[in-house]
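Visitor: how would this look folded up:
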Amino acid sequence: MSVNPFDIRTALLARHAQHVVLIHFPIALFTAAVGFDYLAQLTKNRMLAAAAYFNLLVAAASTVPVVATGLIAWQWALEGQKLKGILLMHLVFGCVSSVLIWLVFWIHFRVRRHPEQAMPNLRLPVEAIAVLLVGLTGHLGGFLSGVNGPG
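Guide: Residues are numbered from 1 along each chain as shown. So this is what the prediction gives:
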């Protein structure tokens, strides 16, 4: 029996489909935001800084349904069994990535509310670490989904 790739029920009711679809938003938005922020720092361009801020805003907000659907997928697909191996690392790195995305957004939000403050330079290494961790989390997720190898 083959599955119709255009069947909306298959897309919406698969046990992990929503997580796999939604995860691309915070990854892309956060990575773009960090790129904009680095360029804004380099060029002192306020438009790039604004682009970074709004990408961070949407990236942070989009982590909420991503984490929720990841936890729901764990409960549905694995019936809440104890996690181990790659799946456990994916969960831990995903939660830490989400916290780091929110932290970076909070730093930008705080400075945006008080324009007399300079943007702290410490945010740049935090952003770099967060991008690496987001990438590693996605890489592990690719193994879990079967994209990067057996899943």
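Visitor: Quick one: the strands in the chain, in order.
Guide: For the chain, strands defined by DSSP state E do not occur.
Visitor: low-confidence ranges in it?
Guide: Counting by pLDDT under 70, the chain shows low-confidence ranges at 1-17, 145-151.
Visitor: Next, the buried residues of the helix of greatest length in the chain.
Guide: Counting by DSSP state H, the longest helix found in the chain is helix 46-78. For helix 46-78, burial by neighbour count (16 or more other C-beta atoms under 10 Å) applies to 48-49, 51-53, 55-57, 59-60, 62-63, 65-67, 69-70, 73-74. From N, CA and C alone the C-beta is placed, and that goes for glycine too.
Visitor: ditto for stretch 87-94
Guide: For stretch 87-94, by 16+ other C-beta under 10 Å, it's 87, 89-91, 93-94.
Visitor: Which one of those residues is nearest to residue 120?
Guide: When the buried residues of stretch 87-94 are compared for distance to residue 120 (C-beta to C-beta), residue 93 comes out closest, at 24.6 Å.
Visitor: so who does the closest one touch?
Guide: 133, 136-137, 140 (C-beta atoms under 8 Å, 6 or more residues apart in numbering).
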